[in-house]
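Student: My questions concern the predicted model and sequence given below.
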Amino acid sequence: MSAYDLLDLLKVSEPQAKPPTIYRALEFLLEQGFIHKVESSNSFIICPHFHDPEHISILFICDKCQQIIEKHSQDIETQLKQLALQSDFLIKHSVLEIHGICQPCQP
């Protein structure tokens, strides 16, 4: 969902709601690791791994139906952390977006 989709839903119960209300709420949810921002579509999804807010998210995004599937890989996360360490870089947040076609949409 986009921020404005959320605003439209909120306005059903709170007609005076404005965009800053949504953006503050989204910022809080992002900081807590409850949601992820999908940069390529400027939208947000719920994170099923909220118990580990510092995990590296891997999002498989279908370019046809827009379905998003989140996966987690300890191997990829370990490799990225090792690469960051070699570069004296501290990873604070990471979402990998991988675009393609999901199985139901494949010819």
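Tutor: Nice, thanks for sending it over. This structure is a prediction, so every number in the text was calculated from the model and none was measured. Numbering: from 1, shown residues only.

Student: Touching, residue 35 and residue 29? I think so.
Tutor: Yes: using CB atoms under 8 Å as the test, residue 35 is close enough to residue 29 to be in contact (4.5 Å). C-beta here means a position set from N, CA and C on the backbone, and glycine is covered the same way.

Student: what's the overlap in contacts for those two?
Tutor: residue 44 (CB atoms under 8 Å, 6 or more residues apart in numbering).

Student: Quick check: which ranges of this structure have low pLDDT?
Tutor: Under the criterion pLDDT under 70, the flagged ranges of the chain are 53.

Student: residue ranges of the strands in it, please?
Tutor: If you assign secondary structure with DSSP state E, the strands in the chain sit at 35-38, 43-46, 57-62, 68-71, 95-100.

Student: I'd like the distance between residue 27 and residue 35.
Tutor: When distance is defined by CB to CB, to the nearest Å, residue 27 is 10 Å away from residue 35.

Student: which one of these two has more residues nearby?
Tutor: Taking neighbours as other CB atoms under 10 Å, residue 27 and residue 35 compare with residue 35 leading, 18 against 11.
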